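*Asks:* A structural model of the following input is requested.
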Amino acid sequence: MTAARAAAGSALFTALFFVPATAALHAQSSDSDAAGVPAPPTVVTVSARAMPLDESSASVTVLTRNDIESSHARTAAELLRTAPFLQFAQPGGPGGMASITIRGGKPSYVMVLIDGIPVNDITTLLGGSFDFSTLPLDNVERVEIVRGPLSAVYGSDAMAGVINFISRRSAGARSLEVEVEAGSFAERQARVSGTGGWKALAYSAAGSYLASGDQVEKDGYSNAAASFHGSAAVGKNANLDLLFRYLNDERTGFPAGSGGPEFALLRQPLTDHAEQVVAGAGLKGEIRHWWIYSIDVDRVYRHESNATPAVLDRVPPSFRSLPASTDHTDFGRSHLGASTTFLPLPNLSATIAAGVREESGNASGFLAGTIPSAYAISRTSLLANAQVQYSGHRLTVLVGLGFDKSTRYGEVTSPWMGASWRVNESGLRVKANWAKGFKLPSFYALADPNVGNPSLRPERSRSWDAGVEQKFGKSGLAASATYFHTSYDNEVIFSAATFKLGNLTAARMQGTELALNYAPSPRMNVGVDFLYTGWMLRNSVDPLRNVPHATGGIHASWTIAPKILLRADTAVVSRRYDYEIPVPNQTTVGGYTDINFSAEYQATGSLAVYGRIDNALNSGFHEYIGFPNPGIAVRIGVRYQVSGTH
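*Replies:* Residues are numbered from 1 along each chain as shown. This next block holds a predicted model:
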């Protein structure tokens, strides 16, 4: 039995002793009310108390369960590829490492949460970047995407934004859903999910298996997952939430920097296998109607084994080539915390939260088969934050302050202020935010014996944004515009002079987010979004790589008949800078349009047939030099659902 499987077996026991202070994430959410009328989305990621999306000062995108189901996306990568205002990159096909940047920040600046539990792995050479291709959408109710620093709430790593995957909630009604799917490149998927109740416990659960053969060349992958969420009333005024997720991902492909299937000089692919367990429990209760408390506990464990071949710049190779490597990493994060919220007035709340976070990581492996690359490191962080939230008739104000004290780095404070003001009854709203964020050096950056640097300082950000939103009466038309400005300091990059990582650069990002949405009826919706990002790097002669200046999208859904739903999502991306070792003179890539279609026919009350076409124009675009998209891909699936009673 591997260490990861042993951890999976003991994770529920371990979860009873470790926890994060994220009580607000246990709030219920739904896409419609009892009458079937769409309800205004709520946001639970931004502050200690859930608030309507329309009142939040933060820049937030909410993808509901309806969005997830109608898109027929299988993984987080497929769903977020066309999401508004995200900069997405993935080498080759759907199994490649999928990363996201927010407002030009590095992928490692985006904190990824599952029900409020951070799941970024800071042990691997990715420095905390999350691979969205490894996360299936089983049992996911909604996704909240916050653009802008949230270190005041979540501490380190939430420096550019947060993406929170919130599990499906059950009211106790029994249901069972079985889904099978097949498609291009020998793709196949099977999924089983359901909801139900047992005594006081209402639960949702799911399990899935997804696999594909080679899409371009030597890039097959598979993914297996299981998830559970439960909620039970404990006494008169308290509720207990339980969470468990297990992920198992295997893939092959050409390594980063190799030039991919088109330019790699060695035709040997890398192999990667990762297992991850996320487990948690949270107790939330009411002492008085004006006094709410929460106690939360979680544990994250991840094991990864990776074998990467050498990346050659020529034959025979020069010093610019990268040696082959083998790595086995284990990462664990435990968090214990509690919070209390006071409601002195109906529209005023104050929250105080505190906790402790324990992180540990170890790695073993070799470079070029002979040079050891092993290390072991741990870190303890004391976390605290305070928030005051006012929600009046037209004005919402949120003021927060985070305090973090970590081994070796002392104290860091992260302030945040935001305000949203509805100017008039016609639907005009203005909002603004100012915040600071930070990221502690990853374990790999600190401790790797070959390139690590124990003297690294935390990376920091300062950000502000201002925007305006306008709804045009009952026409179904809404528009928004937001300007953002972010400065990053002490950014960690590799120094060729010292052959070590160092705090060598600073960057400034600024840009504009524009959106227009038109919903002439409940059966039709059309949205258009556009993002422009400008950047300037200091202390660097290299450009900002893998961040396009301009991205945009068109999204449309149409229920053309009671049983037929059509959906289309389009992403338009400008060229971006890239660097691949075998082709140093080729510096830019991309400039493409990606269109995905999906359709569903509800044949009976229980049986539905659906299909999805990815890259419908069969465009041969590249997101990295030498890594072509596999082209048009077609999938067809069948879903059978049985609903019962309590």
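*Asks:* And G128, its phi and psi?
*Replies:* Backbone torsions of G128, given as degrees, to the nearest 10, read phi 110, psi 0.
*Asks:* Could you count how many residues lie near it?
*Replies:* By other C-beta atoms under 10 Å, the residues close to G128 number 26. Any C-beta I mention is one placed from the backbone N, CA and C, and that applies to glycine too.
*Asks:* quick one: contacts for the nearest residue to V315 once chain neighbours are set aside?
*Replies:* Of all residues beyond its chain neighbours, the one nearest V315 is L265 (6.1 Å), with distances taken as C-beta to C-beta, 6 or more residues apart in numbering. Counting by C-beta atoms under 8 Å, 6 or more residues apart in numbering, L265 touches 258-259, 312-315, 582.
*Asks:* Can you lay out the residues you listed as CSV showing secondary structure, distance to A350 and neighbour count?
*Replies:* As requested, the contacts of L265 are arranged in CSV below (DSSP: H, G, I helix; E, B strand; the rest coil; distance: C-beta to C-beta, whole Å; neighbours: other C-beta atoms under 10 Å):
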residue, secondary structure, distance to A350, neighbour count
S258, coil, 53, 29
G259, coil, 55, 23
L312, coil, 60, 19
D313, coil, 58, 18
R314, coil, 63, 11
V315, coil, 66, 9
P582, coil, 58, 23
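*Asks:* P346: which of those is nearest?
*Replies:* S258 (59.5 Å; C-beta to C-beta).
*Asks:* from what I can see the closest one touches Y624, true?
*Replies:* No. With contacts counted by C-beta atoms under 8 Å, S258 stays clear of Y624, the gap being 9.7 Å.
*Asks:* Make JSON lines out of the contacts of L265 and add distance to V526 and pLDDT.
*Replies:* Shown next, in JSON lines, are those (distance: C-beta to C-beta, whole Å; pLDDT from 0 to 100):
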{"residue": "S258", "distance to V526": "41", "pLDDT": "96"}
{"residue": "G259", "distance to V526": "39", "pLDDT": "96"}
{"residue": "L312", "distance to V526": "48", "pLDDT": "96"}
{"residue": "D313", "distance to V526": "48", "pLDDT": "94"}
{"residue": "R314", "distance to V526": "50", "pLDDT": "94"}
{"residue": "V315", "distance to V526": "52", "pLDDT": "93"}
{"residue": "P582", "distance to V526": "43", "pLDDT": "96"}
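*Asks:* Can you tell me which of those is closest to L345?
*Replies:* S258 (60.1 Å).
*Asks:* ok, so what distance separates the closest one from D214?
*Replies:* Distance, S258 to D214, by C-beta to C-beta, to the nearest Å: 16 Å.
*Asks:* Next, count neighbours for A226.
*Replies:* 19.
*Asks:* ok, and it, which helix or strand is that part of?
*Replies:* strand 221-233 (DSSP states H and E).
*Asks:* Helix or strand next in line after the helix or strand hosting A152, which one?
*Replies:* Assigned by DSSP H and E, A152 falls within helix 151-154. The helix or strand immediately downstream of helix 151-154 is strand 161-167, counting by DSSP H and E.
*Asks:* Partner strands of that next one and their direction?
*Replies:* Applying DSSP bridges, strand 161-167 is found paired with strand 110-114 (parallel), strand 140-147 (antiparallel).
*Asks:* correct me, but D529 touches A515?
*Replies:* Yes. Using C-beta under 8 Å, D529 is in contact with A515, at 4.6 Å.
*Asks:* Find residues that contact each of the two.
*Replies:* Shared contacts of D529 and A515, counting by C-beta under 8 Å, 6+ apart, come down to P84.
*Asks:* related to what we said a few turns ago, please enumerate the shared neighbours of S258 and Y624.
*Replies:* Both S258 and Y624 are in contact with E580, where contact means C-beta under 8 Å, 6+ apart.
*Asks:* Give me the distance between stretch 167-179 and the centre of its chain.
*Replies:* Stretch 167-179 sits 23 Å away from the centroid of its parent chain (C-alpha atoms, centre = their mean, to the nearest Å).
*Asks:* Please disregard the earlier target; I meant stretch 81-88.
*Replies:* Offset of stretch 81-88 from its chain centre (C-alpha atoms, centre = their mean): 11 Å.
*Asks:* Between the two ends of that stretch, how far is it?
*Replies:* Start-to-end span of stretch 81-88 (C-alpha to C-alpha, to the nearest Å) is 6 Å.
*Asks:* who touches it?
*Replies:* Residues contacting stretch 81-88 (C-beta under 8 Å, 6+ apart): 59, 61, 63, 77, 80, 90, 98-102, 104, 145, 147, 513, 515, 527, 529, 531, 533, 546-548, 551, 553, 555, 569-571, 594, 596.
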